[in-house]
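Q: got a sequence here, can you model it:
(chains A and B, ligands or ions: 2)
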Number of protein chains: 2
Amino acid sequence: MTQSKDSRIYITDTTLRDAHQSLIATRLQTEDMIPIAKEINKIGFFSVEAWGGATFDSCIRFLNDDPWMRLRSLKEVLPDTPIQMLLRGQNLVGYRHYPDDVVERFVTAAHSNGVDIFRIFDALNDIRNMKSSIKAASDLGAHVQGAISYTTSPVHSIPTFIDMAEELYSLGCDSICIKDMAGLIMPETTRELIQGIKKRVDVLVDLHSHSTSGIAPMSYQAAIEAGVDILDTAMSPFAFGTSQPATESVIASVIGTPRETGIDLLALRNVRNLCMDVRKKYNALVDPISERIDSDVLVYQLPGGMISNLVSQLKEQDAIDKLQAVFDEIPHVREDLGYPPLVTPTSQIVGTQAVLNVLMGGRYLNVTKEVKDYVRGLYGRPPAIIPDAIRQQIIDGEEMITVRPADLLGPIYESMKEEAAGMGLIRKEEDVLTYILYPAIAPAFLKGEKTAEVIPVPKKEGTNPVDFPHAMEVEVD
Amino acid sequence: MTQSKDSRIYITDTTLRDAHQSLIATRLQTEDMIPIAKEINKIGFFSVEAWGGATFDSCIRFLNDDPWMRLRSLKEVLPDTPIQMLLRGQNLVGYRHYPDDVVERFVTAAHSNGVDIFRIFDALNDIRNMKSSIKAASDLGAHVQGAISYTTSPVHSIPTFIDMAEELYSLGCDSICIKDMAGLIMPETTRELIQGIKKRVDVLVDLHSHSTSGIAPMSYQAAIEAGVDILDTAMSPFAFGTSQPATESVIASVIGTPRETGIDLLALRNVRNLCMDVRKKYNALVDPISERIDSDVLVYQLPGGMISNLVSQLKEQDAIDKLQAVFDEIPHVREDLGYPPLVTPTSQIVGTQAVLNVLMGGRYLNVTKEVKDYVRGLYGRPPAIIPDAIRQQIIDGEEMITVRPADLLGPIYESMKEEAAGMGLIRKEEDVLTYILYPAIAPAFLKGEKTAEVIPVPKKEGTNPVDFPHAMEVEVD
Ligand SMILES: [Co+2]
Ligand SMILES: [Co+2]
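A: Numbers count the residues shown, from 1 in each chain, chains lettered A, B, ... in the order given. Ligands and ions are numbered 1, 2, ... in the order given. Below is the predicted model of the structure:
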C-alpha cells in the first residue's frame, strides 16, 4: 500500500522517544509529555515517535511509569497525529528473541492501545527476525515501516541496502526507513541510497539519523534534494548532539521551495516553549558529552551512546586509560563477528567484548554469554560469515543454529500469564506482556513497590553560569 | 587575480577568531591560541581566521593582551597557513569611520605583522566604505576577500547580491565571501546565490555562516553541491551553536567525493584534542544559550548575539518581560532605517533603539546619537531610502550627508601619533593605531596599567553534572 504523495517533506517528530532516549537516557516522564503532545497534535506532523526503543525498560526500571498507560494517555491527546513506535523486530522492546505468540500479542496490544505506525528493524538486518512483527502489524491494518539498520563495512553497500528495501516492500511494508543510529551516513551515500530505493520500488522513504558527528543536517539536505519523503527531527530544545536535527530548522529550510512542509513556524513555537521548560527540569540529566559534536565518532565510526557506555564501563574498572585500546579493538571484534551494525543489542555485545579483550590482555580469553549466543546464531544471521577459527575460539564445539532463532522458541504467553497471575501481578491483560518482557524487574513494578527515580535538581540554565563581566555588546560578525 | 582551482573544497578555520567571538565573547587568550595554531599549521587549511572583528577590542579591554603581539606570535607558528583577518571596512576593527590615512596605516601594519588575507565588509553593503581598505590591501599584494553582508528584506535579493559581488570583483577582490552572520541563509538561496555569482564572475566564493538556527550545515551542503570554493568552519569543541559548523564534519562529509578536501581526519584529532582542553579552561564563560540552537532566530531573523544583547539590556533595566515587545519592534525600526543588515555596528544600533522605543512607550521619543548619525548618513548609504517622515522625526532639521562618510574626515594619524607620544604611550609604531582606535581605553592598556580578566573556574565538564544512577547500557536506537 503506497500512499499518494505530494512534493512536500513530511516530518516525524522524535521528541517524545528518540530525542530523550539519546540525550537523557529515556528519562522523560509521562506527565511531562502530555502537555507537549497536546500542542504537537495541532502541528500536522506525519507522525510522532513516542513509544518503543528503550521506553519500556526505562519506564518500569527507573520511572515507575506504566508504559501502557503512557501510550493510552498520549493517544488521548494525539487524536490527529499518528503515534509511531520503534520495534526491535523479534526483540520487541527488549534484548532477546521472543516467541511468535508474544510478538503477535505485543503488536496487537500496542496497536489497540494507540500505536498507528510500527517502525520495525533488526540489529543484523536479518529479515527473518522482522517477518512476524511485520505480518502482525500488517494484519491489523497498521502502517508498517520497515527499517534498514545503516552501517558501513566491507559487506554492506548501497546495492545490498536497496535489495533489503525491496524485500521489505515485498513483505508489505508501507514505507522504508533508513535508520542511521550512529549518524554516520554521508550526504553522497544518502542521495544514492534514496534515489536507488525509489528507483527500485514506489514507496515512501524516511531518513532517520543522529547529529552525533555533525553530518546529519548535511545528509538531511542531500535527502531533501534526492526526494526523501519523511525526515525524522526533534524539537530544538531536545535536538542535535546525539539526538536528531531540529524540527524547526528542517521546516524553515524548505520554506518557499516545492518541498515546503506546510507547517507553521509560529505554531511550533508553542511546542518549543513547552519543550524548553521540560528541558530545564531535566537539565541535570543531560551529559554535556551528548550535546557536543564528537568528531571521534567520525574517526571510530561508533554511535555516540556506545562511546558513553565504553567510558562508563572502563571507569567502573578504573581503566579509563584503556579507552584508546578499546577503540582500536572494536573494529577487530566487529570484523570477527561478521560486521554487525552497531545498534541495540549488537552495540552492547560488541562493545562489552572489546572491553573484555583489552582488559584480559588477549582476544576471547573471556567471552560473554551474549557473544557465544551471537556466534551460535541465536541473534540471527550475521551480515558476513564468521571465520571458522574465530567461531571455534569462541564457542568451541557448541551447537550452531541456522534457522530463524524464534523457530526454536515455543509459545510462552499462556504459561507465563498463568505464572504472573499466580504471583498476583495482573491488573490488565497488558501486564502479562510487561512481565514476559521484563520478568526480573516487572514483579516489583507491577506490585506497586517501585518509586520513581528523583530528578536531580537542575543546573541553572539560560543564564551565565558564573557572574562574568559580559561586554554590554556582543558583537555580531 | 583569480586562483586556478581544482574541485576540492577549501577550508577556512575560524576557531581562533569567530568561533570564540561567538561562543565566549572573544575571550581566548594568545597563550592558549599558540599551541593550537602550531598544530593547525600542519593541516592544510586554505586559511585560518585569527584576527579582526572583536579581537582588538577584547584584547585591550579585557585580556591585557597586545593584539599586534598576538598577530606576530601567530604568524611565527603559522608559516604554512595564511592568516585571515576580518576587517569592518572603513570601521577597521572599531565601531566608527576612520579617515583614509588611518585605514591605510592599519592595513599596512596588519599585513606586515602577519595578515595574508583581508576579509572586508561593510555593515550597510555600501561599497564606498570598503574601497579604501580594498585598495590598501590590494596595493600590498595581499589576498583581498570582499564580503557581502547577507540579510533578507524587501530591498535585498539574489540579483542585488550578485551585482555587489561583481562590483567587488571589479574593484580587485580575489575572492568573494557570502557573510551570513545571523545564520539565516537557506539552502535554496545559497545555491542560487553561489551559482549566480560564479556565473557572473570567475572568482573564488566562500560561504560564512553561523549554526545559530540549525540551518548552516544544510546550507553548507547546498553550497558544496552548488560549487562553493571555500567553507568557513570551526574545530568541533568550538563549533555549532552561534559558532560555525564543525571543521571535522564538513571535511568528513566530502570524503570519497570529487570535492574531498585532502585533509586528514586523524591529523585533525591533534588540533581537536588541544581545542578540547582549551575549551574546558574557558567553559564557565560559555553561555548555554550560545550553544543551543535557537529557533527564535528563525522566527525573528535576528543574529544569536543580538538576542543575548537584548536580553542583557532588558535585564539591566529590570524589564525582561518586554522581550517579546522588543522582538516585535525590531522589524519596524529596521524598516524605518532602510533595512540595514544586522551586523556590527548596525545590530547594536537597531537593537538599542528598539529597546528604547519599547521602554519609552513610543517610537523615537528618545533617539540614540548613533541612530541620529545613521540617519544623517554618517554610516553610509542605507539599503533603502529612509522615508521623509521618519527622517524628520529622528533628526529634525539636522544636516544630511550624501558623500562617503570618510570624505568628511581629514587625516589624523600624525597628530594623534604626536598626542600619544606626548602621553608616553608609544613603544612601537603599531601602538599609535591602538591609540587611535580605542582612545578611551588604550592609554591604560599601553601604559601597562591593565590586568587580564581572571577566567572563572570551569564547571565540571565531560562527566555527568550530578551523581545520577546511569543505566549501565545506553541504548542505541
Ligand atoms: Co561570523
Ligand atoms: Co535513533
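Q: for chain A, which residues are neighbours of ligand 2?
A: A:18, A:181 (C-beta under 5 Å from the ion). Where you see a C-beta, it was placed from the backbone N, CA and C, and this is true even at glycine.
Q: for burial, what's the neighbour tally of the residue in the stretch 51-200 of chain A that ligand 2 sits nearest to?
A: Closest residue of the stretch 51-200 of chain A to ligand 2, C-beta to the ion: residue A:181 (4.8 Å). Neighbour count for residue A:181, taken as other C-beta atoms under 10 Å in any protein chain shown: 30.
Q: now the one 5 residues further on
A: Here the neighbour count serves as a burial measure; for residue A:186 (other C-beta under 10 Å) it reads 21.
Q: in the stretch 51-200 of chain A, which spans are strands?
A: A:83-87, A:117-120, A:143-149, A:175-180 (DSSP state E, counting those that start in this stretch).
Q: returning to that earlier point: is it true that the residue of the stretch 51-200 of chain A closest to ligand 2 touches residue A:301?
A: No - judged on C-beta atoms under 8 Å, residue A:181 makes no contact with residue A:301 at a distance of 11.9 Å.
Q: circling back to that earlier point, looking at the strands of the stretch 51-200 of chain A, which is closest to residue A:407?
A: In terms of C-beta to C-beta, the element of the strands of the stretch 51-200 of chain A nearest to residue A:407 is strand A:117-120, at 18.3 Å.
Q: so how far is the closest one off the chain centroid?
A: Taking the mean of its C-alpha atoms, strand A:117-120 sits 11 Å from the chain's own mean (C-alpha atoms, centre = their mean, to the nearest Å).
Q: what comes up buried for it?
A: For strand A:117-120, the neighbour count (16 or more other C-beta atoms under 10 Å in any protein chain shown) marks A:117, A:118, A:119, A:120 as buried.
Q: quick one: contacts for the first one?
A: It refers to residue A:117. Residues counted as contacts of residue A:117 (C-beta atoms under 8 Å, 6 or more residues apart in numbering or on different chains) are A:47, A:82, A:83, A:84, A:85, A:142, A:143, A:144, A:145.
Q: show me what it bridges to in the sheet.
A: In this entry, residue A:117 is beta-bridged to residue A:84, residue A:143, by DSSP bridges.
Q: which pLDDT does the model give it?
A: Model confidence at residue A:117, given as pLDDT, is 98.
Q: so what's the gap between stretch A:154-161 and the chain middle?
A: Its chain's average C-alpha position is 21 Å from that of stretch A:154-161, according to C-alpha atoms, centre = their mean.
Q: list the buried residues in that stretch.
A: Buried positions in stretch A:154-161, judged by neighbour count with 16+ other C-beta under 10 Å: A:156, A:161.
Q: quick one on the thing from earlier: state the pair within the contacts of residue A:117 that is farthest apart.
A: Across these (C-beta to C-beta), the longest gap, 14.1 Å, separates A:83 and A:144.
Q: re earlier: closest to ligand 1 among the buried residues of strand A:117-120?
A: Looking across the buried residues of strand A:117-120 and measuring by C-beta to the ion, the closest to ligand 1 is residue A:119, at 39.1 Å.
Q: what helix or strand does residue A:416 sit in?
A: If you go by DSSP states H and E, residue A:416 is part of helix A:413-422.
Q: tell me the mean pLDDT over the very next helix or strand once past that helix?
A: Counting by DSSP H and E, the element after helix A:413-422 in chain order, helix or strand, is helix A:430-437. For helix A:430-437, the mean pLDDT works out to 98.
Q: quick check: chain neighbours aside, which residue is closest to residue A:477?
A: Closest residue in space to residue A:477, ignoring its immediate chain neighbours: residue B:53 at 4.1 Å, by C-beta to C-beta, 6 or more residues apart in numbering or on different chains.
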